[in-house]
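>>> predicted model and sequence follow; I will ask about them next.
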Amino acid sequence: MDITFNKNEDANRMLASQLEKRLEKVGLGGGKTRIDKEHEKGKLTARERIEKLLDPDSQRIEIGALAGEGMYAEHGGCPGGGVVVMIGYVSKRQCIVVANDATVKAGAWFPITAKKNLRAQEIAIENRLPIIYLVDSAGVYLPLQDEVFADKDHFGRIFRNNAVLSSMGVLQIAAIMGSCVAGGAYLPIMSDEAMIVDKTGSIFLAGSYLVKAAIGEDVDNETLGGATTQCEISGVTDYKCKDDDDCLKRIRNIMSKVGDYDKAGFNREKPQKPAKDPKEIFGILPDDRNKAYDMQAIIDRLIDESSFEPYKEKYGQSIICGLARIEGWAIGIVANDRKIVKSKKGEMQMGGVIYNDSADKAARFVMNCNQKKIPLLFLHDVTGFMVGSRSEHSGIIKDGAKMVNAMANSVVPKFTVVIGNSYGAGNYAMCGKAYDPRLMLAWPSAQIAVMGGAQAAKTLLQIEVSSLKAKGKTILPEDETALLDKIKQKYADTISPYYGAARLWVDAIINPLDTRKYISMGIEAANHAPITKPYNVGVIQT
């Protein structure tokens, strides 16, 4: 291998190592002291419960692990958003598991907690995927109640989604394994089946202190809403479990008897490994987001047998389109190429830019995949659409709108992986978060923003300098340099994939070597939901 490959490999493996360390920290939730306290109560932690619930040695993918990172510092932080969300297998049935992390503020709901729970339910709704709730929460985090209670996508939306999932016939199982109070009590009881752990589980609309304050009644929490009360007196819950292990075993028993589901019918053959070593991705992907490289070389290391069927290979070359398989699943790939190529007119085209012909090609390919019921995978390394008089005179807005229209109205499931840059309208056209990808993923090398850092920093500098001069301040060259450095650093922080993952703009930052697993399990989840809507792109300017 040459020196450039080795340099790239070192940089990308370092990024992967940094990701692993951050995930290890998230895995500790509220910290070892809090974990020990849960164990002293005879309780398992959220992650321990999920590990015991899922089939041993089975594949699983985590959603939103980095949610809340760097947020709520004034409140002591909210690691992982205070909830763990995992797609995995219970008694060989694929499902999504949502477990409150009681080591983080007793499982209280921060704004990001609500957003992460809603994302889990959205995945269940889109894919008709069974959902299991492991409930252990103190309810809404009161200091931030104004950001989590009353709006459309706040706490109450959870129960609305419970009702929607039930009406769709999507199985919901809830286990009350700790506190379940106030409005949160509706979640398990709006599920299809609810169980409660004796002595550690409790569910009521108001705890003993609030009952005393409201109506003057003296009653302890166990009598008010413990397992015996809710299973034998009120009938609110269906099963009384002696401990966490017993509760998880009951869930597995229920799941083992669930019937098969109607399938969307996406094509799958026996999975094959890539013929080219996926580990070479680390050396191929540049250590600098502005450097050119061959996206096809990345694709070849993601797909089965490295076998790719290109679509319009020599036309619109700044976007690669074609058919392949990932873990046996047929998939259509739309990827930004980063090579500098010569167009059909003999002009040199920059990599990572969407030109008129590329947009037209991608739109047609997306429509073809919908016609053939083939899921779509979008691989981002895009700086945007081509600008300038030549592009405008050629109708770049019209061609870009055609691509966005074809993608946005897709009825086959879409999956997005941000490999490098994902800037401006390029993010939209390549199925960014606003366009409902079933999974929105990023590699540690990703950057997501309205424009690149250098361009944005210069624009923001001009605005800041003009503002200061308007106030009568004298700006020296060294002042401009210092201000530019400050702006660059602040902007760099916001385009980091970790900034986006903390806010759930992406579902997960993943090691490139895990990409095949995430996409395969994503398509398997999507296969739970038959396509009932015809593909119609509406009005497209030609």
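Sure thing, it's come through. Keep in mind it's a predicted model, so treat the numbers as computed, not measured.
>>> identify the residues contacting the residue nearest to T494 when sequence neighbours are not counted.
Among residues not flanking T494 along the chain, A449 sits closest, at 7.0 Å (Cβ to Cβ, 6 or more residues apart in numbering). (C-beta placed from N, C-alpha, C; glycine too.) If a contact means Cβ atoms under 8 Å, 6 or more residues apart in numbering, then A449 has S422, Y423, A456, Y491, T494, I495 as its contacts.
>>> partners of A449 in the sheet?
Y423 (DSSP bridges).
>>> can you name the two of the contacts of A449 that are farthest apart?
S422 and Y491 (14.9 Å; Cβ to Cβ).
>>> who's more crowded, these two?
Here S422 and Y491 are compared on neighbour count by other Cβ atoms under 10 Å; more neighbours surround S422, at 31 against 19.
>>> what separates the residue lying closest to K92 once chain neighbours are set aside from S394, distance-wise?
Using Cβ to Cβ, 6+ apart and skipping the chain neighbours, the partner closest in space to K92 is D55 (6.5 Å). D55 sits 54 Å away from S394 when distances are taken as Cβ to Cβ, to the nearest Å.
>>> got it, and A214?
Separation of A214 from S394 (Cβ to Cβ): 69 Å.
>>> show me which of the two is the more surrounded one.
In this view A214 and S394 are compared by other Cβ under 10 Å, and S394 has more residues nearby, 15 against 9.
>>> I'd say that one and D357 touch.
No. Judged on Cβ atoms under 8 Å, S394 makes no contact with D357 at a distance of 9.1 Å.
>>> which residues of this protein score low on pLDDT?
1, 341-350, 452-457, 460-461, 479, 539-542 (pLDDT under 70).
>>> need the residue in it that's farthest from the chain's center.
G472 (46.9 Å; Cα atoms, centre = their mean).
>>> quick check: what element follows the longest helix seen in the chain along the chain?
Across the chain, the longest stretch assigned as helix under DSSP state H is helix 3-26. Next along the chain after helix 3-26, taking DSSP states H and E as the criterion, comes helix 32-40.
>>> tell me what that following helix is packed against?
Packing contacts for helix 32-40, counted by 3 or more Cβ pairs under 8 Å, 6 or more residues apart in numbering; DSSP states H and E, involve no helix or strand.
>>> neighbouring contacts of that helix?
Contacts of helix 32-40 (Cβ under 8 Å, 6+ apart): L28, G29, L44, T45, A102, T103, V104.
>>> what about stretch 417-428, how long is it end to end?
Distance between the two ends of stretch 417-428: 13 Å, counting by Cα to Cα, to the nearest Å.
>>> buried ones in that stretch, by neighbour count?
V417, V418, I419, G420, N421, S422, Y423, G424, A425, G426, N427, Y428 (16 or more other Cβ atoms under 10 Å).
>>> same question, stretch 405-415
N405, A406, M407, A408, N409, S410, V412, P413, K414, F415.
>>> can you give me the helices in the stretch 151-300 of the chain?
Secondary structure of the stretch 151-300 of the chain, counting by DSSP state H, counting those that start in this stretch: helices at 156-168, 186-189, 208-215, 221-225, 227-228, 244-256, 281-284, 295-299.
>>> put the alpha carbons of the fourth one into PDB.
Spelled out, it's helix 221-225. C-alpha atoms of helix 221-225 as PDB (Å, rounded to 0.1, in the frame of the first residue of the first chain):
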ATOM      1  CA  ASN A 221     -46.600   3.500  47.100                       C
ATOM      2  CA  GLU A 222     -46.700  -0.300  47.200                       C
ATOM      3  CA  THR A 223     -50.400  -0.200  48.400                       C
ATOM      4  CA  LEU A 224     -51.200   2.600  46.000                       C
ATOM      5  CA  GLY A 225     -49.800   0.900  42.800                       C
END
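>>> how far does that helix sit from its chain's centre?
Distance, stretch centre to chain centre, for helix 221-225: 38 Å (Cα atoms, centre = their mean, to the nearest Å).
>>> what are the contacting residues of that helix?
With Cβ under 8 Å, 6+ apart as the test, helix 221-225 has contacts from K199, S202, I203, F204, G207, S208, V211, T228, T229.
>>> ok, how many other residues are close to the closest residue to N127 other than its chain neighbours?
Among residues not flanking N127 along the chain, A525 sits closest, at 4.2 Å (Cβ to Cβ, 6+ apart). Residues within reach of A525, counting by other Cβ under 10 Å, total 23.
>>> picking that back up, what residues does the longest helix of the chain touch?
Residues contacting helix 3-26 (Cβ under 8 Å, 6+ apart): 1, 65-66, 69, 79-80, 281-287, 443-445, 498, 509-512.
>>> hmm, 6 Å instead?
A65, P79, G80, F282, G283, L285, P286, D287, P444, S445, I509, N511 (Cβ atoms under 6 Å, 6 or more residues apart in numbering).
>>> and stretch 306-314, by the same measure?
Counting by Cβ under 6 Å, 6+ apart, P274, A275, K276, D300, C321, G322, L323, A324, K361, F365 sit against stretch 306-314.
>>> so what's A429 up against?
M403, V404.
>>> quick check: phi and psi on it?
phi -60, psi -30 (degrees, to the nearest 10).
>>> hang on, the earlier thing: got a markdown table for the contacts of stretch 306-314, with neighbour count too?
Putting those into a markdown table (neighbours: other Cβ atoms under 10 Å) gives the following:
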| residue | neighbour count |
| --- | --- |
| P274 | 20 |
| A275 | 12 |
| K276 | 18 |
| D300 | 22 |
| C321 | 25 |
| G322 | 19 |
| L323 | 19 |
| A324 | 22 |
| K361 | 24 |
| F365 | 24 |
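>>> ok, so of those, who is nearest V236?
Using Cβ to Cβ, A324 is the member of those that lies nearest V236, at 50.5 Å.
>>> please name the nearest non-neighbouring residue to the closest one.
Nearest residue to A324, sequence neighbours excluded (Cβ to Cβ, 6+ apart): I303, at 3.9 Å.
>>> I319 now?
According to Cβ to Cβ, 6+ apart, the nearest residue to I319 is S358 (4.0 Å).
>>> ok, Y133 next?
Among residues not flanking Y133 along the chain, A174 sits closest, at 4.4 Å (Cβ to Cβ, 6+ apart).
>>> so how far is G388 from that neighbour?
57 Å.
>>> and A182, how far is that from W109?
Applying Cβ to Cβ to A182 and W109 gives a distance of 10 Å.
>>> higher neighbour count, these two?
Taking neighbours as other Cβ under 10 Å, A182 and W109 compare with W109 leading, 30 against 17.
>>> contacting residues for that one?
Per Cβ under 6 Å, 6+ apart, neighbours of W109: V140, Y141, V148.
>>> tell me, how many residues neighbour the second one?
By the measure other Cβ under 10 Å, the count of residues near Y141 is 23.
>>> returning to that earlier point: and the residue nearest to Y133, what are its bridge partners?
Note on A174: beta-bridge partners by DSSP bridges are Y133, A194.
>>> hang on, isn't it packed against S191?
Yes. If you go by Cβ atoms under 6 Å, A174 and S191 touch, sitting 4.0 Å apart.
>>> more neighbours: which of these two?
A174 (27 against 22).
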